[in-house]
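Chemist: The sequence and its predicted three-dimensional model are supplied below.
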Amino acid sequence: MTGMRRSRSSAYKRPGSGLTGRNRKVAIGVAIAALAGGALAVGTGMSSASTTCDGLDQSLRDTVSFMADQRAHPNAQTDTILANRQAVVDLINVQRQQAGCTANIAAPPAAPARKPTTAPARKPTTAPATTAPANNNGTGAGEVVCKGSTVTLSGEAGDPFASSGTFPVGTRLKVTNLDNNKSITVTVQTTSGSCVLLNNAAFEQVREPGKFLIRRAVIERVG
């Protein structure tokens, strides 16, 4: 009788104790691996979203800054330019909302008003005979200017041209996108608050698909 009691006692298991020590360790290991995989997927998605938002935010800042400068220094094309830029702002904001961007991009204070200036008449010039320095990533077509500047679009329609707050109307600039080695040579036709902004047609020829900002750009003055 005593033997039978001991046999029944050793065969009895508490309710819910179906996992042995070894099986419990395996189950915990699988759960931790699943959590780590989910965290990696979330982290990767956040990193991609952050890169997209950085580009959209910078493009919005440049456009808003140009609009503020245009309002401070109006000309005969101001109304048309502002209407085009507002359409660009609306498009960027839709894309920022879809990408989950949360940065608050405020309009900068307008620059003090200044008298309109006209570009002085000058004789046609040719590209200098010497090439650009070897370490500036230039193409050798002209003088590399505005080093480190990013390039975005102005939102203006028409044939390819550029706007600039650094160079007078009539200046010819070559813009090279180092990320895809595409380049375009354009003439400055309007003023802006940046070294160079490309209108829609010009930007389309050197952009990368889905991007509204060229971070690695070389800008050369060729005329």
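Modeler: That came in fine, so what should we check first?

Chemist: Show me what counts as buried in stretch 62-80.
Modeler: For stretch 62-80, burial by neighbour count (16 or more other Cβ atoms under 10 Å) applies to 62-70, 73. From N, CA and C alone the C-beta is placed, and that goes for glycine too.

Chemist: closest to residue 180 among the residues you listed?
Modeler: Comparing these against residue 180 with Cβ to Cβ places residue 62 closest, at 20.0 Å.

Chemist: returning to what we had before: mind putting the buried residues of stretch 62-80 in a markdown table, pLDDT and distance to residue 94 included?
Modeler: A markdown table is the format used below for these (pLDDT from 0 to 100; distance: Cβ to Cβ, whole Å):
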| residue | pLDDT | distance to residue 94 |
| --- | --- | --- |
| 62 | 87 | 17 |
| 63 | 85 | 14 |
| 64 | 86 | 15 |
| 65 | 84 | 20 |
| 66 | 85 | 19 |
| 67 | 85 | 17 |
| 68 | 86 | 21 |
| 69 | 84 | 24 |
| 70 | 80 | 22 |
| 73 | 86 | 29 |
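
Chemist: and which of those is nearest residue 192?
Modeler: The shortest approach to residue 192 among those belongs to residue 66, at 4.7 Å (Cβ to Cβ).

Chemist: about what we covered before: so of the buried residues of stretch 62-80, which ones are in strands?
Modeler: Judged by DSSP state E, strands contain none of the buried residues of stretch 62-80.

Chemist: burial of residue 53, as a residue count?
Modeler: If you count neighbours by other Cβ atoms under 10 Å, residue 53 ends up with 17.

Chemist: OK, contacts around the residue lying closest to it once chain neighbours are set aside?
Modeler: Leaving out its chain neighbours, the residue that sits closest to residue 53 by Cβ to Cβ, 6 or more residues apart in numbering is residue 101, at 3.9 Å. Applying Cβ atoms under 8 Å, 6 or more residues apart in numbering, we find residue 101 in contact with 49, 52-53, 56-57.

Chemist: For residue 216, see how far away residue 101 is.
Modeler: 22 Å (Cβ to Cβ, to the nearest Å).

Chemist: what do you get for residue 63?
Modeler: According to Cβ to Cβ, residue 63 stands 20 Å off from residue 216.

Chemist: What strands flank the lengthiest strand in the chain, and is each parallel or antiparallel?
Modeler: Counting residues, the longest strand found in the chain (DSSP E) is strand 182-191. Here strand 182-191 has these sheet partners by DSSP bridges: strand 162-164 (parallel), strand 172-177 (antiparallel).

Chemist: Many thanks, have a good one.
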